[in-house]
Structure formats: C-alpha cells, structure tokens
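Novice: Provided below for reference: sequence and predicted model.
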Amino acid sequence: MPALAFPPFPDDVPTHPLLIIDYTLLKSRDPEEIDRLWEAATKLGFWYLKNHGATEEVNQMFDLGAEAMALPLEEKLKFEQGDEGTSAGYKAAGANAVDATGEKDTVEFINIAKNDALAWPTVVHRKYPGPIDREMATVVRPFVEKSLEVNQTILSIFNDKLGLPEGTLLDQHPIDEHSGCEARLIKNPPMPHNVTKRAIGAHTDFGSLSFLHNRLGGLQVLAPGSDDWQYIRPIPNHAICNVGDALSIFSGGILRSNMHRVLPPPGEQSAYERWSLVFFTRPGNSKVLRALGESSPVIAKSVASKPEKNFDTGVTAKEWFARRVKYQRIANRKGPESWMSSRGTEADPAAA
C-alpha cells in the first residue's frame with residue numbers, strides 16, 4: 001500500500017491559498033458557506049473540501065490501486081485504454097504528451113468507468129485488472145457512489161446560484177446515461193531532487209467537477225492574471241475540488257475551468273511515489289456542450305459580456321471527451337497540431 005508517513009511539504013515553496021469549504025455546511029445549505037464555495041468556483045475554480053465523509057472509501061481505493069499497479073506491466077497492458085479516444089482502462093507512463101513538443105508524461109493510471117462500477121458484474125465498457133474486478137462491488141462502487149453524492153450536491157448548489165430551473169444541471173449529468181464519469185488511480189514514480197519533469201502537462205479538466213485526493217504535493221495552478229505556477233499544499237483528509245470545461249461552458253464562463261499541471265513533489269517528498277485518486281463527474285454522452293442561457297438570464301448576460309468566447313461548441317460531451325483523450329496519445333501525434341487538438345477551454349493553451 002502507499003506509504004502513510006511522508007516528509008512534510010516544504011515551507012519555503014510558494015503555494016496558492018485555497019478556500020476551505022465544509023461539506024457538512026453545504027449539505028445543510030448554509031448561506032455563508034455557499035457564498036464561499038461560489039467565490040472559490042468563480043475566481044480560481046479550485047477549493048479544498050473538508051468533512052466530505054469519503055475518507056474510508058479513499059483509503060481503500062489507495063490500497064486497491066497499489067495492488068493493481070503492482071501487477072506486471074504485461075498484465076496491465078491487457079487492459080490498455082487504446083488510441084481511439086476511449087478513456088476506461090490502463091494508461092502506461094509515457095503514453096501521453098505533456099505539451100506541444102511531444103514530451104512524454106511520467107504517470108501511469110487506471111480509469112474505472114462509473115457505468116462499469118455501478119452495473120457490476122455486468123460489463124458496460126470493459127473488463128479491468130483482477131484486483132479491481134474482485135473489489136468492484138466492495139471498494140470501487142462505494143467510492144464512486146460517495147463521489148457522485150458529493151459532486152451532485154455541489155452541482156445542485158451551482159444550479160441555484162446560476163438561476164437555473166431546479167434540476168437543470170443534474171439533468172445534464174444523469175446517473176443512468178453512459179458518460180465519461182470515472183474514478184482514476186494514479187501513480188507517479190519518485191524523482192531525483194529538484195527534477196521538474198512534468199507528470200501531467202498544463203491543462204483544464206474535461207468534465208464538470210473533479211474530486212481529488214492526494215497525500216503529497218505536485219499539483220500546481222496558474223492563477224488568473226499570473227505567469228507563475230504555484231503548488232497546492234495537500235491537507236490530510238481534505239479533498240481538492242475543481243471546475244472543468246463542461247461546467248464552465250454550461251455556465252457561460254461564470255464558473256472557472258482553470259489551468260493546472262502536476263510536477264514531482266517538492267523537497268524531500270520527491271523521493272517518494274506520488275499516489276493520487278480522483279473522481280471525474282462529466283455530462284451524459286448525449287449532452288451538447290453549450291451555455292444554458294435560454295434557461296437563465298444570469299448565464300445569458302455572462303455570454304453576452306464575452307463575445308470573444310465560444311459557448312456553443314456544437315459537439316456532445318462524448319465527442320468533446322474523446323477528442324481530448326485521443327490527441328494527447330503519443331501514438332496519435334503528428335506534430336504540435338495534435339496537442340492543440342487535445343485542448344479544451346484553456347485561456348492559454350500553449351502554457352507549459
């Protein structure tokens with residue numbers, strides 16, 4: 001299992017302060033906490049979430065991830081996600097680019113589709129390595145269900161703040177529709193001290209909401225108006241949450257899908273494997289990514305104030321997601337244009 005005791009995050013590394021949001025207050029619809037969440041989601045698009053109630057499920061997923069990643073590479077490659085834009089399955093280190101030059105990433109991960117976790121033992125998208133298949137009902141499904149609960153609560157709050165009719169955002173994310181929703185178990189190897197090779201390149205997230213858990217540093221954000229990347233300090237038992245492209249588009253740019261990347265942990269933490277776990281909530285495959293301005297004067301006003309932005313992509317969530325996955329793959333690389341084809345709503349797609 002991943003180590004539980006690590007060197008502390010160094011105090012001399014610049015970090016970006018995130019607001020700490022209390023999930024118990026969100027569930028009770030505390031007005032002040034909702035306003036703080038709204039501030040975080042519209043200014044940076046990132047926040048800490050405490051009291052989320054998923055600590056046990058997270059710990060079990062980390063243990064499962066360690067067991068699955070310990071399988072021989074040839075066994076994991078039997079479950080490879082492939083080069084056609086399908087996300088579920090295993091991705092080996094170096095299979096994706098981190099920028100337009102084609103530099104390879106350093107992380108390996110396993111994506112487990114929400115649909116497979118909830119339908120098990122029925123196979124919806126694909127089969128998974130033995131340890132994951134064995135624990136799908138006892139470990140994976142509880143984590144997926146808890147993550148969905150958290151993100152649906154947040155979506156319902158955003159729905160009200162955006163002035164949308166009740167249930168509008170949840171209707172864009174139906175549980176029973178096939179979608180890109182997935183859990184991801186991620187492993188990055190130890191790196192020599194002060195090596196800054198990027199594990200994951202600068203990007204915005206594909207979907208609507210991300211529910212991230214990690215125990216070491218490495219995540220960096222590029223704050224609006226800044227040219228300097230800053231680390232996000234991990235806090236025990238606090239998730240890091242952020243808005244993705246789909247939700248930013250639905251909201252007419254009110255909710256911010258912000259640039260971020262992953263480097264090796266700073267300081268002494270770089271000598272350790274970096275494990276992280278995330279659940280991505282994404283719209284149903286058939287949902288078209290466009291601003292919901294016809295349902296909300298608030299969103300319509302935002303769209304009108306940003307004539308330079310495109311809030312009607314003309315594509316479904318499935319098409320948006322598959323394009324972004326496909327053209328990050330080294331096997332599909334033809335040149336810098338391949339990287340640009342994998343981009344989303346980034347304000348500066350060339351940021352590195």
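Specialist: In hand now; what should we look at?
Novice: In terms of helices and strands, where is the residue at minimal distance from the centre of the chain?
Specialist: Centroid-nearest residue in the chain: residue 210, 4.0 Å away (criterion: Cα atoms, centre = their mean). For residue 210, the host element (DSSP states H and E) is strand 209-214.
Novice: now what about that strand, what contacts it?
Specialist: 49, 52, 54, 58, 62, 147, 150-151, 154-155, 219, 234, 239-244, 247, 274-281 (Cβ atoms under 8 Å, 6 or more residues apart in numbering). C-betas here are computed from N, CA, C, even on glycine.
Novice: how many other residues sit next to residue 298?
Specialist: 16 (other Cβ atoms under 10 Å).
Novice: no no, residue 133
Specialist: 18.
Novice: got the contact list for residue 75?
Specialist: Counting by Cβ under 8 Å, 6+ apart, residue 75 has contacts residue 129.
Novice: What score does it have for pLDDT?
Specialist: We have a pLDDT of 98 for residue 75.
Novice: Test my guess that residue 167 contacts residue 152.
Specialist: No. At 10.7 Å, residue 167 does not count as touching residue 152 under the criterion of Cβ atoms under 8 Å.
Novice: low-confidence ranges in the stretch 201-350 of the chain?
Specialist: Applying pLDDT under 70 to the stretch 201-350 of the chain flags the ranges 347-350.
Novice: Which one of residue 167 and residue 152 is surrounded by more residues?
Specialist: Neighbour count, other Cβ under 10 Å: between residue 167 and residue 152, residue 152 has more, with 16 against 11.
Novice: quick one: buried residues of stretch 162-178?
Specialist: The neighbour-count check on stretch 162-178 (16 or more other Cβ atoms under 10 Å) flags 162, 164, 168-169, 172-173 as buried.
Novice: and if you look at stretch 59-69?
Specialist: Buried residues in stretch 59-69, counted by 16+ other Cβ under 10 Å: 59-62, 64-69.
Novice: Same list (those) but as TSV, adding pLDDT, distance to residue 269 and secondary structure.
Specialist: Conversion of those to TSV gives the following (pLDDT from 0 to 100; distance: Cβ to Cβ, whole Å; DSSP: H, G, I helix; E, B strand; the rest coil):
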residue	pLDDT	distance to residue 269	secondary structure
59	97	19	helix
60	98	23	helix
61	98	21	helix
62	97	16	helix
64	98	23	helix
65	97	18	helix
66	96	18	helix
67	98	23	helix
68	98	23	helix
69	98	19	helix
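Novice: Turn those residues into JSON lines, columns for distance to residue 110.
Specialist: Converted to JSON lines, the buried residues of stretch 59-69 look like this (distance: Cβ to Cβ, whole Å):
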{"residue": "59", "distance to residue 110": "17"}
{"residue": "60", "distance to residue 110": "15"}
{"residue": "61", "distance to residue 110": "11"}
{"residue": "62", "distance to residue 110": "12"}
{"residue": "64", "distance to residue 110": "10"}
{"residue": "65", "distance to residue 110": "7"}
{"residue": "66", "distance to residue 110": "11"}
{"residue": "67", "distance to residue 110": "11"}
{"residue": "68", "distance to residue 110": "6"}
{"residue": "69", "distance to residue 110": "7"}
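Novice: Spatially nearest residue to residue 234 (excluding sequence neighbours)?
Specialist: residue 214 (5.4 Å; Cβ to Cβ, 6 or more residues apart in numbering).
Novice: Beta-bridge partners for that neighbour, please?
Specialist: residue 276 (DSSP bridges).
Novice: What distance do you get for it to residue 187?
Specialist: Residue 214 sits 11 Å away from residue 187, going by Cβ to Cβ, to the nearest Å.
Novice: can you check residue 277 too?
Specialist: 10 Å.
Novice: same deal with residue 266?
Specialist: Going from residue 266 to residue 187 by Cβ to Cβ gives 18 Å.
Novice: Tell me where the stretch 51-200 of the chain has strands.
Specialist: 89-91, 108-113, 182-188, 200-203 (DSSP state E, counting those that start in this stretch).
Novice: Turn those strands into TSV, including mean neighbour count.
Specialist: Formatted as TSV, the entries for the strands of the stretch 51-200 of the chain read as follows, by neighbours: other Cβ atoms under 10 Å:
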stretch	mean neighbour count
strand 89-91	24
strand 108-113	24
strand 182-188	23
strand 200-203	21
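Novice: Determine which of the ones you listed shows the lowest mean per-residue pLDDT.
Specialist: Per-stretch mean pLDDT for the strands of the stretch 51-200 of the chain is lowest at strand 200-203 (a mean of 92).
Novice: Name every strand pairing with it and say which way it goes.
Specialist: Assessed with DSSP bridges, strand 200-203 is paired to strand 260-262 (antiparallel).
Novice: Name the residues that touch the partner strand?
Specialist: 46, 98, 107, 188, 198-204, 218-222, 229, 242.
Novice: Now do the contacts for residue 173.
Specialist: Counting by Cβ under 8 Å, 6+ apart, residue 173 touches 152, 155, 179, 181, 208, 281-284, 287.
Novice: Let me have the residues you listed in a markdown table, adding distance to residue 134 as columns.
Specialist: Converted to a markdown table, those look like this (distance: Cβ to Cβ, whole Å):
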| residue | distance to residue 134 |
| --- | --- |
| 152 | 28 |
| 155 | 32 |
| 179 | 25 |
| 181 | 22 |
| 208 | 30 |
| 281 | 26 |
| 282 | 26 |
| 283 | 31 |
| 284 | 29 |
| 287 | 33 |
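Novice: Mind giving me the PyMOL select for the residues you listed, buried ones only?
Specialist: Buried residues among those (16+ other Cβ under 10 Å), as a PyMOL selection:
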select buried, resi 152+155+179+181+208+281+282+283+284+287
